[in-house]
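Colleague: below are the sequence and a predicted model; questions follow.
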Amino acid sequence: MSFRVRKAVFPVAGQGTRFLPATKTVPKEMLPVVDRPLIQYAVDEAIEAGCDTLVFVTNRYKHAVADYFDKAYELEQALEKSGKTEMLALIRDVLPKHVRAVFVTQSEPLGLGHAVLCARPVIGDEPFAVLLPDDLIWNRHGKGALRQMTELAAENDAGVIAVQDVPREKTGSYGIVATDSFDGRAGRIRAMVEKPSPEQAPSTLAVVGRYLLPGRIFEFLDKLPPGKGGEIQLTDAIAALLDSSPILAYRFQGTRFDCGSRIGLVEATIRFALDHEDLNQAARMAMESALSELGVRDS
Ligand code: UTP
């Protein structure tokens with residue numbers, strides 16, 4: 001088994017109920033952080049890590065994701081005509097030329113594990129990446145999280161799952177791992193539990209939305225009965241794989257924003273706006289004035 005990863009799967013067929021009513025028509029992955037949709041941040045991270053085949057698992061309500069990565073002829077012509085070359089580059093750079101996008105359909109929302117299984121015909125038996133675009137990971141001065149993970153996978157010839165520390169009272173919201181010999185950065189995963197109660201959690205290392213998995217995972221996903229919440233859980237298939245394939249938990253460098261929740265999207269927007277070269281001053285002033293206005297009103 002050699003862990004060179006070229007293909008990345010983006011499961012984007014969830015219902016996004018936490019953002020209703022916006023997600024009645026706009027897919028969660030198309031919600032913007034400043035001026036780019038969430039999916040673009042994840043796609044850039046995968047390309048930086050060396051992926052050239054991007055597999056989007058969508059459903060029939062998510063045409064906007066496919067449209068976004070398609071060529072926008074009329075818009076390109078109009079921008080070209082009016083000499084708006086910077087904007088033209090922005091929409092052309094959504095996907096570099098050497099990268100291909102493949103769309104597969106998940107016809108029913110049967111869970112993350114099932115969504116990943118839908119990508120099997122494109123992945124075959126190669127190792128591959130899974131990125132959940134609503135986990136936005138920002139590493140301002142260094143390599144993206146997935147790039148860090150592909151390097152670790154190649155060095156160790158093993159799968160890798162991104163983890164971060166969470167407060168014990170929050171373990172019920174995450175997949176939690178137990179590891180052998182965790183050296184502060186990485187360690188082999190011994191067990192994985194989906195959403196354990198704080199008393200039952202084997203650690204406080206929580207799985208976040210970046211995975212490098214061997215193609216063998218599909219054999220396990222294919223046989224899995226529905227797990228927690230009646231869904232086919234990716235965590236259950238990984239747990240079944242652990243005895244026969246080494247998978248490392250990796251505490252990545254960077255900040256993760258949980259943009260599947262409203263507060264996470266707000267936090268990411270504030271952080272990116274404060275870091276944006278055109279917006280930082282105005283964003284800071286807007287925040288200061290909002291805070292002082294609220295301070296006056298609340299006192
Ligand atoms: P979430 O648990 O965040 O669910 O899915 P959701 O439907 O997207 O959002 P809420 O909780 O209703 O607000 C985690 C990831 O798995 C994908 C989602 O698109 C998201 O990227 N997913 C989930 C699927 O692709 N298919 C599914 O059946 C379930």
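Modeller: Great, that's in hand.
Colleague: quick one, helices of the stretch 51-200 of the chain?
Modeller: Defined through DSSP state H, counting those that start in this stretch, the helices belonging to the stretch 51-200 of the chain, from first to last, are 63-69, 73-81, 85-92, 112-117, 120-123, 145-156.
Colleague: out of those helices, which is closest to residue 131?
Modeller: When these are ranked by distance to residue 131, counting by C-beta to C-beta, first place goes to helix 145-156 at 6.6 Å. All C-beta spots, glycine's among them, are computed from the backbone N, C-alpha and C.
Colleague: now, of the helices of the stretch 51-200 of the chain, which is deepest in the fold?
Modeller: When neighbours are counted by mean count of other C-beta atoms under 10 Å, the highest per-stretch mean among these falls to helix 112-117, a mean of 24.
Colleague: circling back to that earlier point, what's the closest of the helices of the stretch 51-200 of the chain to the ligand?
Modeller: Of all the helices of the stretch 51-200 of the chain, the one in closest proximity to the ligand, counting by C-beta to the nearest ligand atom, is helix 112-117 (3.4 Å).
Colleague: what about the closest residue to the ligand within the stretch 151-299 of the chain, how many neighbours?
Modeller: Each residue of the stretch 151-299 of the chain has a distance to the ligand, by C-beta to the nearest ligand atom, and the smallest belongs to residue 260, at 4.3 Å. For residue 260, the count of nearby residues is 21 (other C-beta atoms under 10 Å).
Colleague: may I have the predicted confidence score for it?
Modeller: Residue-level confidence at residue 260 comes out at 95, pLDDT.
Colleague: surely it meets residue 23?
Modeller: No: the criterion here is C-beta atoms under 8 Å, and residue 260 misses it with residue 23 at 10.7 Å.
Colleague: now the common contact residues for those two.
Modeller: Taking C-beta atoms under 8 Å, 6 or more residues apart in numbering as the contact criterion, the common neighbours of residue 260 and residue 23 are residue 16.
Colleague: CA atoms only for the lowest-mean-pLDDT helix or strand in the chain, dumped as CSV, please.
Modeller: Every helix and strand in the chain was compared by mean pLDDT, DSSP states H and E; the lowest is helix 85-92, with a mean of 80. Taking Å, rounded to 0.1, in the frame of the first residue of the first chain, the C-alpha atoms of helix 85-92 are listed here in CSV:
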residue,chain,number,x,y,z
THR,A,85,-9.2,41.2,-16.1
GLU,A,86,-8.8,40.8,-12.3
MET,A,87,-12.4,39.7,-11.9
LEU,A,88,-12.1,37.4,-15.0
ALA,A,89,-9.1,35.7,-13.4
LEU,A,90,-11.1,35.3,-10.1
ILE,A,91,-13.8,33.3,-11.8
ARG,A,92,-11.4,31.3,-14.1
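Colleague: and the contacts of it?
Modeller: Identification of contacts with helix 85-92 by C-beta under 8 Å, 6+ apart yields 72, 75-76, 79-80.
Colleague: out of those, which comes closest to residue 186?
Modeller: Checking the contacts of helix 85-92 against residue 186 by C-beta to C-beta gives residue 72 as the nearest, at 41.6 Å.
Colleague: and that closest one, what does it touch?
Modeller: Counting by C-beta under 8 Å, 6+ apart, residue 72 makes contact with residue 91.
Colleague: so what does it have for phi and psi?
Modeller: Summarising the backbone geometry of residue 72 under the convention degrees, to the nearest 10, its torsions are phi -100, psi 80.
Colleague: just to revisit the earlier point, could the helices of the stretch 51-200 of the chain be laid out in JSON lines, adding distance to the ligand?
Modeller: Supplementary listing: the helices of the stretch 51-200 of the chain in JSON lines, determined by distance: least, C-beta to the nearest ligand atom, whole Å:
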{"stretch": "helix 63-69", "distance to the ligand": "10"}
{"stretch": "helix 73-81", "distance to the ligand": "27"}
{"stretch": "helix 85-92", "distance to the ligand": "24"}
{"stretch": "helix 112-117", "distance to the ligand": "3"}
{"stretch": "helix 120-123", "distance to the ligand": "14"}
{"stretch": "helix 145-156", "distance to the ligand": "15"}
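Colleague: make CSV out of those and add distance to residue 176.
Modeller: Supplementary listing: the helices of the stretch 51-200 of the chain in CSV, determined by distance: least, C-beta to C-beta, whole Å:
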stretch, distance to residue 176
helix 63-69, 30
helix 73-81, 45
helix 85-92, 40
helix 112-117, 16
helix 120-123, 26
helix 145-156, 19
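Colleague: is it true that residue 38 touches residue 136?
Modeller: Yes: in terms of C-beta under 8 Å, residue 38 counts as a neighbour of residue 136; the distance is 6.2 Å.
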